[in-house]
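K.L.:
This is a predicted model, with the sequence first.
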Amino acid sequence: MIPMLTRRRFLGTAVAGAALPALPAQARTPTHNCVMIGDWGRQGHYEQGQLADVMGEVAARHGSLYTVSVGDNFYDDGVTSVSDAQWQSSFESIYRAPSLQTPWRVILGNHDYRGKIEPQLRYGAQVDSRWHLPARYYALRDRLPDGSVLDTFFVDTSPFISRYRGTKVDISGQDTAAQLAWLDRALGGSDADWKIVIGHHPIHTAEKRFDEPELIDALVPLLQKHRVTIYVNGHIHNLQYVEKDGIHYINNGAGSRIDPVAPAQDGGIVFPDEHGFMAVALSRDTFDFSFVGLNGRTLFARKIPRVT
């Protein structure tokens, strides 16, 4: 059974250029709301601190229940212990808004693998309970205000990337076959209205040059088999959206340093020179997400209907 993680347990289509109040709305029908951010841990540099303040404001307005981190939590070389200075300089002292003291549902990125993984797995139990990373891959269940159910599957993508083998990104000893078997079982056993998969690396991207063939081969067959329609990732340091073969791929890696982009292809959207994060409002029928930029404005928004 997928565990249900509630706020109480922890702490008691497209639109461009819209103003902050145009975030996914919850006034008409109560929705399940969160924020998501990726590739952020740079000790406040590269606009990380300013974006964190904006995210805190948006999370408060939005009624965010939790934050999802899509990996690369600490640059450049992860952390070495639960007392590593980066916990304070890149996390605790940056994401200090009251609205961000809710649970953080975390996955690992390749830069996290350049350090030690165990401290990130232990930090929530030993130091700050909002940090939720119980294993390298896991799943959580939420019940939405309208009674529908969301199952979110957090996967560990770095071990699938063969170019990391023999490098400082230490993926040695990770069993990708076991992870795929787990994901197949977990997705197959889910009766949720929504199944969403979160990973650090992209599968398909709007730029195409960043497509990951090894993840296309490993994950896309499972997403299609189990009718998963949304995959959210980071790794690419910008904001992108593309739909391919019925799956919506959302790249959300602009939490600190941003990189140059190439023109979008296949009808995708790419935002150059924009720091940002996602605000999500989920109901039984729609996954409503926005990219929010450094100035607090909505850069792009889309309502994705549930496939029945």
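P.N.:
Nice, thanks for sending it over.

K.L.:
For residue 56, which non-adjacent residue is spatially closest?
P.N.:
With sequence-adjacent residues excluded and distances taken as C-beta to C-beta, 6 or more residues apart in numbering, residue 56 is closest to residue 97, at 2.5 Å. Using the backbone N, CA and C atoms, a C-beta is placed for each residue, glycine as well.

K.L.:
what's the answer for residue 226, then?
P.N.:
residue 187 (3.8 Å).

K.L.:
For the residue nearest to residue 56, give me its contacts.
P.N.:
Residue 97 makes contacts with 52, 53, 55, 56, 57, 59, 60, as judged by C-beta atoms under 8 Å, 6 or more residues apart in numbering.

K.L.:
ok so, going back, what about the residue nearest to residue 226, which helix or strand?
P.N.:
Per DSSP states H and E, residue 187 falls inside helix 176-188.

K.L.:
For that helix, give me every contacting residue.
P.N.:
Here helix 176-188 makes contact (C-beta under 8 Å, 6+ apart) with 2, 136-137, 139, 151, 153, 155-156, 159-160, 195, 197, 218-219, 222, 225-226, 228.

K.L.:
got a pLDDT number for residue 1?
P.N.:
Residue 1 carries a pLDDT value of 60.

K.L.:
typed the wrong thing, it's residue 17
P.N.:
Residue 17 carries a pLDDT value of 37.

K.L.:
how far away is the residue located most distally from the centre of the chain from residue 172?
P.N.:
Distance from the C-alpha centroid of the chain, by C-alpha atoms, centre = their mean, peaks at residue 166 (27.0 Å). According to C-beta to C-beta, to the nearest Å, residue 166 and residue 172 sit 9 Å apart.

K.L.:
swap in residue 297?
P.N.:
In terms of C-beta to C-beta, residue 297 sits 44 Å off from residue 172.

K.L.:
Could you check which of these two is surrounded by more residues?
P.N.:
Neighbours were counted for residue 297 and for residue 172 using other C-beta atoms under 10 Å; residue 297 has more, 18 against 10.

K.L.:
most centrally placed residue in this structure?
P.N.:
residue 70 (3.4 Å).

K.L.:
these two touch, right, that one and residue 36?
P.N.:
Yes: between residue 70 and residue 36 there is a contact at 6.4 Å, judged by C-beta atoms under 8 Å.

K.L.:
what touches both of those two?
P.N.:
In contact with both residue 70 and residue 36: 232, 252, using C-beta under 8 Å, 6+ apart.

K.L.:
what are the ranges of the helices in the stretch 51-200 of the chain?
P.N.:
85-86, 118-126, 176-188 (DSSP state H, counting those that start in this stretch).

K.L.:
So which of these is the most surrounded?
P.N.:
Counting by mean count of other C-beta atoms under 10 Å, helix 118-126 has the highest mean neighbour count of the helices of the stretch 51-200 of the chain, with a mean of 18.

K.L.:
outside of it, which residues touch it?
P.N.:
73, 78-82, 84, 87, 106, 108, 112, 130-136.

K.L.:
Out of those, which end up buried?
P.N.:
Buried subset of those (neighbour count, 16 or more other C-beta atoms under 10 Å): 73, 78-79, 82, 84, 87, 106, 108, 112, 130-133, 136.

K.L.:
In JSON lines, list those along with distance to residue 207 and pLDDT.
P.N.:
Below are the buried ones among the contacts of helix 118-126 laid out as JSON lines (distance: C-beta to C-beta, whole Å; pLDDT from 0 to 100):
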{"residue": "73", "distance to residue 207": "24", "pLDDT": "99"}
{"residue": "78", "distance to residue 207": "26", "pLDDT": "98"}
{"residue": "79", "distance to residue 207": "30", "pLDDT": "99"}
{"residue": "82", "distance to residue 207": "37", "pLDDT": "99"}
{"residue": "84", "distance to residue 207": "33", "pLDDT": "99"}
{"residue": "87", "distance to residue 207": "33", "pLDDT": "99"}
{"residue": "106", "distance to residue 207": "26", "pLDDT": "99"}
{"residue": "108", "distance to residue 207": "23", "pLDDT": "99"}
{"residue": "112", "distance to residue 207": "24", "pLDDT": "98"}
{"residue": "130", "distance to residue 207": "33", "pLDDT": "98"}
{"residue": "131", "distance to residue 207": "32", "pLDDT": "99"}
{"residue": "132", "distance to residue 207": "31", "pLDDT": "99"}
{"residue": "133", "distance to residue 207": "29", "pLDDT": "99"}
{"residue": "136", "distance to residue 207": "27", "pLDDT": "98"}
